[in-house]
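Visitor: below are the sequence and a predicted model for it; my questions follow.
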Amino acid sequence: MKRKAWLFFVSVLMMTGIPAYICGGQVNAKPVEVSLWYWDNANNCVTTVIDMFNKSQSEIVVKGEQIGWDVMYQKLVTACIAGTGPDGFLAVVQWMAELNQMKAVADLTKLYNAWPDHTDVLPGVKRFLHADENSPIMAMPSANTPLYLYCRKDLFDKYNVKLPETMDEFYDACKKLTRDTDGDGKIDLYGFGLRGARGGSDPWQSFIMAEIGGSMLDSEGKVRFNSPAGIKANQRYLDIFYNGWAPPTAPRDGFAELIQNMKANVTAMMVHHFGSYADMQKFFGDKIVAIPLPKGSKGRWVPNIPSINVINAKSKKINEVFKFYEYWASPEAGGKYCELYGQAPTTNKIAQMDFFKNNRFAKVSVASADDSYVLPWSKKSGQYMEVVWPQIMQRALLKQITGSQMIDELTRFFEQP
């Protein structure tokens, strides 16, 4: 009789959706469903983390939706303006200033400081969890992507050239590794793969800002590279092409061309990140090495292209999303994500995992993280990176404008209302 009464009572509670704790018994509430937008799922890196989290507990279910990279930002902005969108989303730091102005991202400072592992986040990564230099913490770590310099160690050894540590040594290596290797009177090996097309702004920044130091923009949004030191550094970088130390195709070369040229023995150095290590190692073996970007007069300035996990300010499930992000940042899930995605670690615990500890390319990434910076915290950063810089750089390489005029045009872009 008692059992029948208990079953009847439980059935009533289940129909009303109310959990019951009676005599040690429990009726579980329906899991909270959390929505997530992301743009890349290379090697199932995101869906693997989602599946791991959903299987690890029963209180929260994450439902992921992959959005194309080319439409992700616009779709996200449109949703935020409408007060809709997912509970959480993957973002890049360059989006955050505008999203924060729209009041579209949640302040995670209290949750972050209460997270037991927040002190384990690498210092170079924590810097990117803000919407701007003065904002509270608005994100959780996802992936760390500091750039480094790939060098064909076999060519450096063959021509007795030192692996560069300083700017002077880098430019000297560009010159010495540019050669006619078959004696036909034509240059067929170039010292450096200069990326003049989309994506080339990151390497360029490292060689300019290493002579200036600090952020590309000051607190008032004024550029800091329009100075004698910046103009001189820019000219020196352009001279790589003018001097014939980069392939003739450099003005239009993008990532694919950089990789192709290095594999074809056309270039001896190029700038990229840990995401390409597997392909490079498979193709070259011990002939390829990664080293930190060269030091300028102000030290190293390492471009970083980190992705971060953000929560929609309109979400009613901020705590649940944050629990998922905590799990994502754990060694178990975060380590797997970074390994699958080909990204550098975001925490000390992940960095100490065997895969990253024993991977020579990952070690260079981790060592470079503390010297890393991102594009300016500006709502113009996306347009600068995708459109403006490539167009201006290509004109400068083709001598349609001077190096000084290039700096002036970039200055006007950032400083105009």
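Guide: All right, it came through fine.
Visitor: switch to C-alpha atoms for all contacts and neighbour counts from now on
Guide: Will do.
Visitor: first-to-last residue distance for stretch 309-317?
Guide: 15 Å (C-alpha to C-alpha, to the nearest Å).
Visitor: now do the strands in the stretch 1-150 of the chain.
Guide: If DSSP state E, counting those that start in this stretch is used as the criterion, the strands of the stretch 1-150 of the chain fall at 21-22, 25-26, 32-38, 60-66, 88-92, 140-143, 147-152.
Visitor: now swap in the stretch 151-300 of the chain and tell me
Guide: Assigned strands in the stretch 151-300 of the chain, in chain order: 269-273, 288-291 (criterion: DSSP E, counting those that start in this stretch).
Visitor: can you list these in a markdown table and add distance to K336 and mean pLDDT?
Guide: Converted to a markdown table, the strands of the stretch 151-300 of the chain look like this (distance: least, C-alpha to C-alpha, whole Å; pLDDT from 0 to 100):
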| stretch | distance to K336 | mean pLDDT |
| --- | --- | --- |
| strand 269-273 | 18 | 96 |
| strand 288-291 | 22 | 98 |
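Visitor: deepest in the core, which of these is it.
Guide: Comparing the strands of the stretch 151-300 of the chain on average neighbours per residue, with mean count of other C-alpha atoms under 10 Å, the densest one is strand 269-273 at a mean of 25.
Visitor: what's the weakest-modelled helix or strand in this structure?
Guide: strand 21-22 (a mean of 40; mean pLDDT, DSSP states H and E).
Visitor: can you count the residues close to Q101?
Guide: Q101 has 11 neighbours, counted by other C-alpha atoms under 10 Å.
Visitor: hang on, I meant Y237
Guide: Using other C-alpha under 10 Å, Y237 is surrounded by 17 other residues.
Visitor: contacting residues for the nearest residue to Q391 once chain neighbours are set aside?
Guide: Of all residues not flanking Q391 in the chain, A197 sits nearest, at 7.9 Å (C-alpha to C-alpha, 6 or more residues apart in numbering). Applying C-alpha atoms under 8 Å, 6 or more residues apart in numbering to A197 gives the contacts A250, P251, R252, D253, G254, P390, Q391, M393, Q394.
Visitor: let me have those residues in JSON lines, extended by neighbour count and pLDDT.
Guide: Conversion of the contacts of A197 to JSON lines gives the following (neighbours: other C-alpha atoms under 10 Å; pLDDT from 0 to 100):
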{"residue": "A250", "neighbour count": "20", "pLDDT": "98"}
{"residue": "P251", "neighbour count": "22", "pLDDT": "97"}
{"residue": "R252", "neighbour count": "18", "pLDDT": "96"}
{"residue": "D253", "neighbour count": "22", "pLDDT": "96"}
{"residue": "G254", "neighbour count": "18", "pLDDT": "93"}
{"residue": "P390", "neighbour count": "21", "pLDDT": "94"}
{"residue": "Q391", "neighbour count": "16", "pLDDT": "97"}
{"residue": "M393", "neighbour count": "27", "pLDDT": "98"}
{"residue": "Q394", "neighbour count": "20", "pLDDT": "98"}
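Visitor: which ones among those are found in helices?
Guide: Within the contacts of A197, residues falling in helices by DSSP state H are P390, Q391, M393, Q394.
Visitor: can you put those residues in JSON lines and add distance to S201?
Guide: Listed next are the ones in helices among the contacts of A197 as JSON lines, based on distance: C-alpha to C-alpha, whole Å:
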{"residue": "P390", "distance to S201": "7"}
{"residue": "Q391", "distance to S201": "11"}
{"residue": "M393", "distance to S201": "9"}
{"residue": "Q394", "distance to S201": "11"}
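Visitor: ok, so of these, who is nearest I212?
Guide: If you rank the ones in helices among the contacts of A197 by distance to I212 using C-alpha to C-alpha, M393 comes first, at 19.6 Å.
Visitor: just checking, the closest one touches G196?
Guide: Yes: counting by C-alpha atoms under 8 Å, G196 is a contact partner of M393 at 6.3 Å.
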